[in-house]
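1. Next input, structure requested:
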Amino acid sequence: MARNERRAGRQWWGWLAMAVAGLAVVLWLGAGGPRVAAAPARRPKILGIAYVHMRLESAASAQRIFHQYFGFDRAFTLAGAAGPVIYYKVNDYQYLEITPHWDGGAQKRFMTLAFRTNDARGLRAYLAARGFAPSAVHRRADGNLGFALRDPEGHHIAFEQFLPDSRTGRLRGKLLSPRRLSQWIIHAGFVVASVPREDRLFRQALGFHRMWHGGMTAGVLDWVDRRTTNGPDWIEYMLRDGAHPSIRTRAIANHFSLGILHMHQAYRALLARGWKGQGKPQIGRDGKWQLNVYTLAGSRVEMMGPKPVRKPCCSPMLPGGW
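-> Residues are numbered from 1 along each chain as shown. A predicted model of the protein is given here:
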C-alpha cells in the first residue's frame, strides 16, 4: 500500500513538472521565441543637412568658388577614398566637402548628401530594422560618428552625429567669416524617377514632411520638396528626365542651395569678387528669389531667398524653411 502511494506521488510530481515545462514553452513562443535585440521604438532626430560632398575640377576651383565668391573659410583637408577632401565651413553644423578631382566626363560629381542626427547608432538600428542596409557606424575622418546607405534609387545618403571632440567640434564658434554670403545650406536636390519609391525612405522611414511641389508649366510635376523631420532644411526630388537623365541634366539637377537673406546685395558682392556668371536674380515658380552659380564642370550651386515674395505656383508652401 505504501509502495503504491509512493509510486502515485512520483507520477503526480512528474505530471506537474511536465505541465510547468509545457507552460514555459507556451510562454516562450508567445514572447516571440528566442530573445533577440529589440528594434528601437522611436526614431532618433533628423536635425537637418550636415554636409554635401561633391567633386570639383581642382582645389583652385574650389577655393575660387567657395572662398573667394561665397566667403566660406577652408577648415581643414583630410584623406578620402577618392583622394583628399577639402572641408569648407558654412556654420558650426554644416560643411561642404570637396574632392578636387573630376575626370571631365561622366564621373559622378554630386557624391553624398548627409543629414545630422542626435543618435547615429540608434538611427542605424532603426533603419536596419525597417529593411534598409546601412553600413556600420564608425568614426569618420573628421571625428564624428556616421554611417551611410543607398536610398531606393541608389543615391549615397549619409548620417552624422557631431561630437564635441571631433575636428568640427573643436572648431565650434571659429571660422565663421563675416564675408559669408550665406550662413546655411537650406536644401539639396537630386534626380528622382519615382516619388513613391524615394518616399519609402524619406517619408515612411525617416518621417520627412510634405512641403511643396510644382513644375515649370501647369499640370507638369518637376519638383517635390520634403522637409527634414526635426529641422528647417529640405530635400528636392528633381523629376524632369528622372528615368533617363543625361550627364548635363544630372549636373544641373543634383545641386545644393544656400540661403540668402538679401539676394540683390549678394549678387552685387559676387560681381565685386570677380564672378563672371551671366545670370541675374529672378523669382522662381516657388515664389522665392533665386540665382545660380555654376562650376567649370557644370555643377550648380543655387542661391535662394528664405520665403516666397510672390504666391507659389502649383501648391501651397507648407510651414518650413528657415
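2. where does the protein have low pLDDT?
-> 1-41, 104-107, 242-243, 320-322 (pLDDT under 70).
3. ok, now with 50
-> 1-13, 15-37 (pLDDT under 50).
4. show me where it has helices.
-> 2-30, 59-62, 120-129, 195-199, 247-253, 263-272 (DSSP state H).
5. And the last one, what does it pack against?
-> Using 3 or more C-beta pairs under 8 Å, 6 or more residues apart in numbering; DSSP states H and E as the contact criterion, the elements in contact with helix 263-272 are strand 289-294. In this view, the C-beta of every residue, glycine as well, is placed from N, C-alpha and C.
6. List the pairing partners of the strand it packs on within its sheet, with orientation.
-> Paired strands of strand 289-294, with direction, are strand 282-283 (antiparallel), strand 300-304 (antiparallel) (DSSP bridges).
7. phi, psi of the nearest residue to residue 92 once chain neighbours are set aside?
-> In this structure, residue 92 finds its nearest non-sequential neighbour in residue 172, 5.3 Å apart by C-beta to C-beta, 6 or more residues apart in numbering. Note on residue 172: its backbone torsions stand at phi -60, psi 130 [degrees, to the nearest 10].
8. Going forward, the N-terminal residue is numbered 358.
-> Renumbered: residue one is now 358, and that last one reads residue 529.
9. Please report how far the closest residue to residue 573 other than its chain neighbours lies from residue 430.
-> Using C-beta to C-beta, 6+ apart and skipping the chain neighbours, the partner closest in space to residue 573 is residue 579 (5.5 Å). As for residue 579, its distance to residue 430 is 35 Å (criterion: C-beta to C-beta, to the nearest Å).
10. Contacts only, for the residue nearest to residue 573.
-> When contacts are counted by C-beta atoms under 8 Å, 6 or more residues apart in numbering, residue 579 touches 571-573, 595-597.
11. Buried members of those into PyMOL, please.
-> Buried subset of those, written as a PyMOL selection, criterion 16 or more other C-beta atoms under 10 Å:
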select buried, resi 571+572+595+596+597
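12. now, which of the contacts of residue 579 lie within strands?
-> Residues of the contacts of residue 579 located in strands (DSSP state E): 571, 595.
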